[in-house]
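Asker: Structure here, sequence nowhere to be found:
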């Protein structure tokens, strides 16, 4: 895994000062110019660090006042999301995976939420390469989901596509790089299944009104709040009939679990 970004190091240092009581709950943080001078960095880097803290509900901007500490951060973060394989096993099923495609492409070619997650700062390359892996996921002999995952190539080994077995859980792969999915930002929508999806997911025998899918677009973040995985999962609507979401304390983010 690549080293931490400068903005994330600063984010962690500000968190530490909050935990130590230097910036207590309800107090005002120094201004952006003051933080820029203190950390000897650019104002853009400070803004990125503050943006992450704001997204996590730790600070908030108050008109006419400034940036206020509104929540004390947790000292540790624990994974909230179950992998597909573990989910199927928890339901008493037998997970199985068929790899349909593995390739390296640019983030721009992937488009959508891949660009949202992996297009880096102005200091980095403008269009990074990503690994794209398309997989058909099964519960026993029944195909239940068509998944595509995208990984930032520079965070993994150059021979990842050749060496790794993507029929296994990707979460186990991430563990090899000392990373884990800590939380995710997921969008779910439903629509009629496309002809190719009907074929791959073996929905031909279903009545037409039941040939629909849930499309889940997810950006997963690791324990350091860095984008780890972008995934799209096309789930059979007759199999996944409910999705469970968890709101953690007073945080602003909604963190989804896998469907159940």
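Answerer: All right, it came through fine. Predicted, not measured: the structure shown is a model, and the values here were computed from it.
Asker: Quick check: phi and psi at the residue nearest the centre of the chain.
Answerer: Centroid-nearest residue in the chain, with C-alpha atoms, centre = their mean: residue 220, separated by 1.0 Å. Here is the backbone geometry of residue 220 (degrees, to the nearest 10): phi -100, psi 140.
Asker: Relative to residue 50, how far out is it?
Answerer: The gap separating residue 220 from residue 50 is 23 Å, by C-beta to C-beta, to the nearest Å. Bear in mind the C-beta positions are built from the backbone N, C-alpha and C, glycine included.
Asker: Is the residue nearest to the centre of the chain in contact with residue 229, as I believe?
Answerer: Yes. Between residue 220 and residue 229 there is a contact at 4.4 Å, judged by C-beta atoms under 8 Å.
Asker: Give the residues shared as contacts by the two.
Answerer: Residues within reach of residue 220 and of residue 229 at once, by C-beta atoms under 8 Å, 6 or more residues apart in numbering, are residue 181.
Asker: Low-confidence bits of the chain, can you list those?
Answerer: 1-4, 74-82, 90, 120-126, 241-260 (pLDDT under 70).
Asker: which stretches of it form strands?
Answerer: 59-62, 66-69, 95-106, 129-139, 142-152, 183-192, 212-221, 227-236, 245-247, 254-256 (DSSP state E).
Asker: Flag every buried residue along the second one.
Answerer: When you say that, I think you mean strand 66-69. 67, 69 (16 or more other C-beta atoms under 10 Å).
Asker: what helices or strands is it leaning on?
Answerer: strand 59-62 (3 or more C-beta pairs under 8 Å, 6 or more residues apart in numbering; DSSP states H and E).
Asker: Against which helices or strands is the strand it packs on packed?
Answerer: Applying 3+ C-beta pairs under 8 Å, 6+ apart, we find strand 59-62 packed against helix 43-55, strand 66-69.
Asker: so which of those gets nearest residue 85?
Answerer: Among the helices and strands packed on strand 59-62, the nearest to residue 85 by C-beta to C-beta is helix 43-55 (29.2 Å).
Asker: in that closest one, what's buried?
Answerer: 45-46, 48-50, 52-53.
Asker: now for those, which pair is the farthest apart?
Answerer: Largest separation among these by C-beta to C-beta: 45 and 53, giving 13.1 Å.
Asker: still on that earlier bit, measure the residue nearest to the centre of the chain to residue 44 for me?
Answerer: Distance of residue 220 to residue 44, computed by C-beta to C-beta: 25 Å.
Asker: Can you get me a residue count around residue 230?
Answerer: Using other C-beta atoms under 10 Å, residue 230 has 25 other residues around it.
Asker: give the contact list for the closest residue to it other than its chain neighbours.
Answerer: The shortest distance from residue 230 to any non-neighbouring residue, by C-beta to C-beta, 6 or more residues apart in numbering, is to residue 150 (4.3 Å). Contacts for residue 150 (C-beta under 8 Å, 6+ apart) come out as 107, 110, 114, 118, 130-133, 229-231.
Asker: what are the bridge partners for residue 150, then?
Answerer: Assessed by DSSP bridges, residue 150 has beta-bridge partners residue 132, residue 230.
Asker: Could you check how far it is from residue 41?
Answerer: Taking C-beta to C-beta, one finds residue 150 at 29 Å from residue 41.
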